[in-house]
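[1] Test case, fold it:
(2 chains)
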Amino acid sequence: QVQLEQSGAEVKKPGASVKVSCKASGYTFTLYYVHWVRQAPGQGLEWMGLIDPSTSSTSYAQKFQGRVTMTRDTSTSTVYMELSSLRSEDTAVYYCARARVLRSAFDIWGQGTMLTVSS
Amino acid sequence: QSALTQPASVSGSPGQSITISCTGTSSDVGGYNYVSWYQQHPGKAPKLMIDDVSNRPSGVSNRFSGSKSGNTASLTISGLQAEDEADYYCSSYTSSFRVFGTGTKVTVL
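    Take a look at the predicted model:
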């Protein structure tokens, strides 16, 4: 079935980087955008950015410009989100989600990856 | 890009109808017919309930409906059931690609 499988929980120290993966299955990888959304504990959803797997073109929320990098590997149908210069405020669950076209809704979500940033 | 405004909480008794509002601006909700709604149970990933303002994806109960007027979108849940108790988020396409609402906790009394 159609699914997005994310990598496991991470614990990082302030200033470090983290790379989270999101493996797609059950559909044609290059036909859907992949977005990243995060949710801090007890807080709402926050859009981080997107990648077009067919071209590797990316767009990032202004808040994360310069700190986030999204890449993809078409051979394994996997998208990666790397966040650098981590701080405690980055502690959150990170979700990947797919969308058919640039403006469409997120119809399939990954299970989420918990990132804890603590010294 | 500021978050869209939703009421923090809405409650209703089983069988009743409730409506959640989602207020933005002409740059997001009012400017595009690309508003979606997500249901999130504790510890779970969000689930798409409504897309393109009022379209219900396959498998979503017809008790859920969406609409929009000006800069405000709305999600209505009719025949409220215990399983509807969850957090609900709206989202809109914008020139900056995406913005989410502040979220609404729905409580079934």
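[2] Which strand residues bridge residue B:10?
    Counting by DSSP bridges, residue B:10 is bridged to residue B:106.
[3] check contacts around the closest residue to residue B:68 other than its chain neighbours.
    Leaving aside its chain neighbours, residue B:68 sits nearest to residue B:53 (4.8 Å; criterion: C-beta to C-beta, 6 or more residues apart in numbering or on different chains). To be clear about C-beta, it is placed using only N, CA and C from the backbone, and glycine gets the same treatment. With contact taken as C-beta atoms under 8 Å, 6 or more residues apart in numbering or on different chains, residue B:53 is in contact with B:33, B:34, B:35, B:66, B:67, B:68, B:73.
[4] again, but for residue B:49
    B:37, B:38, B:39, B:56, B:57, B:60, B:64, B:75, B:88.
[5] So the fourth one is in contact with residue B:50, correct?
    Yes: contact between residue B:56 and residue B:50 holds when scored by C-beta atoms under 8 Å: they sit 6.1 Å apart.
[6] Those two - which one has more neighbours?
    residue B:50 (26 against 18; other C-beta atoms under 10 Å in any protein chain shown).
[7] give me the element that one is part of.
    In this structure, residue B:50 is located in strand B:47-50 according to DSSP states H and E.
[8] next one: residue A:35
    strand A:33-39.
[9] Now do that strand: everything it contacts.
    A:4, A:22, A:24, A:45-53, A:68, A:70, A:72, A:79, A:81, A:92-102, A:106, A:112, B:46, B:98, B:100.
[10] for that strand, the distance to its chain's centre please.
    Remark: strand A:33-39 is offset 5 Å from the chain centroid, using C-alpha atoms, centre = their mean, to the nearest Å.
[11] quick one: strands adjacent to that strand?
    Applying DSSP bridges, one finds strand A:33-39 paired with strand A:45-52 (antiparallel), strand A:92-99 (antiparallel).
[12] how about the residues of chain B near chain A?
    B:1, B:3, B:32, B:34, B:36, B:38, B:45-48, B:51-52, B:57, B:89, B:91, B:93, B:96-103 (C-beta under 8 Å from any C-beta of the partner chain).
[13] Those in helices, which ones?
    Judged by DSSP state H, the subset of the residues of chain B next to chain A located in helices is empty.
[14] Name only those of those residues that count as buried.
    Among the residues of chain B next to chain A, those classed as buried by 16 or more other C-beta atoms under 10 Å in any protein chain shown are B:1, B:3, B:32, B:34, B:36, B:38, B:45-48, B:51-52, B:89, B:91, B:93, B:97-103.
[15] Alpha carbons only: can I get stretch A:80-98 in CSV?
    In CSV, the C-alpha atoms belonging to stretch A:80-98 read as follows (Å, rounded to 0.1, in the frame of the first residue of the first chain):
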residue,chain,number,x,y,z
TYR,A,80,16.0,13.4,3.3
MET,A,81,15.7,16.4,5.5
GLU,A,82,18.8,17.7,7.1
LEU,A,83,18.6,20.4,9.8
SER,A,84,21.8,22.0,11.1
SER,A,85,22.8,24.3,14.0
LEU,A,86,20.3,22.5,16.2
ARG,A,87,18.9,24.3,19.3
SER,A,88,16.5,23.2,22.0
GLU,A,89,13.6,24.8,20.2
ASP,A,90,14.1,22.3,17.3
THR,A,91,12.9,19.5,19.6
ALA,A,92,9.8,18.2,17.8
VAL,A,93,8.2,15.5,15.8
TYR,A,94,9.2,15.8,12.1
TYR,A,95,6.7,14.5,9.5
CYS,A,96,7.1,14.0,5.8
ALA,A,97,3.9,14.2,3.7
ARG,A,98,3.2,13.9,0.0
